[in-house]
Structure formats: structure tokens, C-alpha cells
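Trainee: just the structure for this:
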Amino acid sequence: MSSPSTNRWNRVLLKLSGEAFAGGKPFGIDGGAIGKIADDIVDARNNLQVEVAVVVGGGNIWRGITGAEGGLDRAQADYMGMLATVMNALALQDVLEQKGIPTRVQSAIAMPQVAEEYIRRRAIRHMDKGRVVIFAAGTGNPFFTTDTTAALRAVEIEAEVLLKGTHGGVDGIYTADPRTNPDATKIDALSYLDVLNRDLRVMDSTAITHCMENKMPIVVFDLMGDGNLHDLLQGEAIGTMVS
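Mentor: Presented below is the predicted three-dimensional model:
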């Protein structure tokens, strides 16, 4: 078993998009996709002794902006999206606990029958005890993305890095979309201002700005690549670093 001292970081915040839970399908929750994500988290916790917290999106079930474009009130549509993230969080919790990993889901919207209320000091205490903490319901406020939630929670729990896991085979930040532009080239490292000034849309500008103000590094990497999370935590040059 690896020693924590060999790791690049010992407490991380992992941001998962809702689309990653769909496993390549247009919508819904794919058990195989969640199992792959859970296995990586199990490896990080059990084999590397890394403390892991997770922020989940809900785009595989509902996107507030899409609902607003369809005529719904934007705030109401965003609250619906927050509920979608709770569904994903509960699914991830179930799979992790089937694999023997103690977890806690903390929701920014009170729903005591299924999740704890988000309390910063309690979340840190859970991580100190080796539990994986899954943050759901965004910030609890409309008009804020789960990217912003990830930036906020990473700073609050004193994580050493925010790991933004992508899906679909894109393994970092590129000069253009590599799926449509064959001339796109991967960028290994960027400053926060580079991301903002070049409008690279890796995360929303509020999230990038919050990380910049609090000196929280971000790594964008392909979550679904075999061994990527393990290798990244062990110090290999995986993905793109924003700092």
C-alpha cells in the first residue's frame, strides 16, 4: 500500500459532470459508468490514502438553462437541476458503499430523509475520518453552476487541488475542440487569466475567478481514461494544470 507522502496531493475535490453518469447515453444513469468512477475513488482512498470529496452535476437528468430556454422560469429550472444532482449523488453513494467505502452525501438544500445538510466543519470531520463526502444540490442558489460549487467547496474544505474530470475522450484543455478541429493542440499548463482572457470555457468564469483569488489549482483531465486519476495523484503529467 502506498504511503500518503508519495502522493502529489492528499486531499482533493473531484468535480464530476452529470453527463459522465450517463455513460455515453443521451440521458439517465448508467451503472457501468458509475462503477468506473467509483472504482477510481476506491483506489484513491484505499491504495493511496487520499481524502476525496466530490461535487456532482445533474446534466444527465436536467439542465436549468435548457429548461429556461424552453420557457420555464430560470430560478425554478435551476432548482430542478439541483434536485437532479441529488439523484446522482445518491447513486454514487450507493455504489461506493457496495464497494465498502463509507460515504456521506451533504446537500445544500435541506432534505434530511436522504442527505445531511451541508455543514463545512462536519464535511471536514468526515474526511478526517476517511469518509468520501459527496456534495449535492449545488450552492443551494439558482444562477450558479456546479463548477462554481466545486470551486467554493474546494476552498471551504481546504482541498489542495480541484480536479475537473471530463468525459468523451478529451484529456485536457485544447486550443480548440479536438473532436471537431484536427489542428487543435493540447495545452499542458495555463494561468487563470489565460483561461479567462482566451474564453476557453473549461469552467465558468465565476469558478475560475474564485480559484484564482484563493490560489486553488485546477487540473482538467479525462476522468474515464484507465488509471488517469491514480496516475495524476501519483504525480504524472495528466491533463492540463491551471494555476
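
Trainee: does A115 touch A89 like I think?
Mentor: Yes - at 7.2 Å, A115 and A89 qualify as touching, with contact defined as C-beta atoms under 8 Å. Backbone N, C-alpha and C define where each C-beta goes, glycine included.

Trainee: shared neighbours, those two?
Mentor: Contact criterion C-beta atoms under 8 Å, 6 or more residues apart in numbering; residues shared by A115 and A89: 105, 107, 136.

Trainee: tell me what the helix or strand bottoming out on mean pLDDT in the chain is packed against?
Mentor: Sorted by mean pLDDT, DSSP states H and E, the helices and strands of the chain end with helix 64-69, the least confident at a mean of 79. Identification of packing neighbours for helix 64-69 by 3 or more C-beta pairs under 8 Å, 6 or more residues apart in numbering; DSSP states H and E yields helix 74-98.

Trainee: what is the helix it packs on packed up against?
Mentor: If you count contacts as 3+ C-beta pairs under 8 Å, 6+ apart, helix 74-98 packs onto helix 18-22, helix 31-46, strand 51-56, helix 64-69, strand 103-107, strand 132-136.

Trainee: okay, buried residues for the fourth one please.
Mentor: Of all the residues in helix 64-69, those buried under the rule 16 or more other C-beta atoms under 10 Å are 64, 67-68.

Trainee: distance to E97 for these - can I get that in JSON lines?
Mentor: Conversion of those to JSON lines gives the following (distance: C-beta to C-beta, whole Å):
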{"residue": "G64", "distance to E97": "29"}
{"residue": "G67", "distance to E97": "31"}
{"residue": "A68", "distance to E97": "35"}
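
Trainee: one step back: closest to M216 out of the helices and strands packed on helix 74-98?
Mentor: With C-beta to C-beta, the closest approach to M216 among those belongs to strand 51-56: 13.0 Å.

Trainee: can you give me the angle the closest one makes with helix 74-98?
Mentor: Angle, strand 51-56 to helix 74-98, by axes from the mean of the first three to the mean of the last three C-alpha atoms, to 10 degrees: 140 degrees.

Trainee: can you give me the angle strand 51-56 makes with strand 132-136?
Mentor: With the same axes, to 10 degrees defining the directions, strand 51-56 sits at 20 degrees from strand 132-136.

Trainee: between the buried residues of helix 64-69, which sits nearest F144?
Mentor: G64 (9.9 Å).

Trainee: per-residue pLDDT of S2, please?
Mentor: Residue-level confidence at S2 comes out at 41, pLDDT.

Trainee: which non-adjacent residue is nearest I61?
Mentor: Spatial nearest neighbour of I61, excluding adjacent residues (C-beta to C-beta, 6 or more residues apart in numbering): A84 at 3.7 Å.

Trainee: neighbours of the one you found, how many?
Mentor: The tally of other residues near A84 (other C-beta atoms under 10 Å) stands at 23.

Trainee: please name the residues that touch I208.
Mentor: Contacts of I208 (C-beta under 8 Å, 6+ apart): 151, 192, 195-196, 202, 218, 242.

Trainee: give me the subset of those lying in strands.
Mentor: Of the positions in the contacts of I208, 218, 242 sit in strands, assigned by DSSP state E.

Trainee: give the contact list for the residue nearest to G225 when sequence neighbours are not counted.
Mentor: Take G225 and drop its neighbours on the chain: the residue closest to it by C-beta to C-beta, 6+ apart is D171, 6.5 Å away. Counting by C-beta under 8 Å, 6+ apart, D171 makes contact with 186, 221-222, 225, 228, 238-239.
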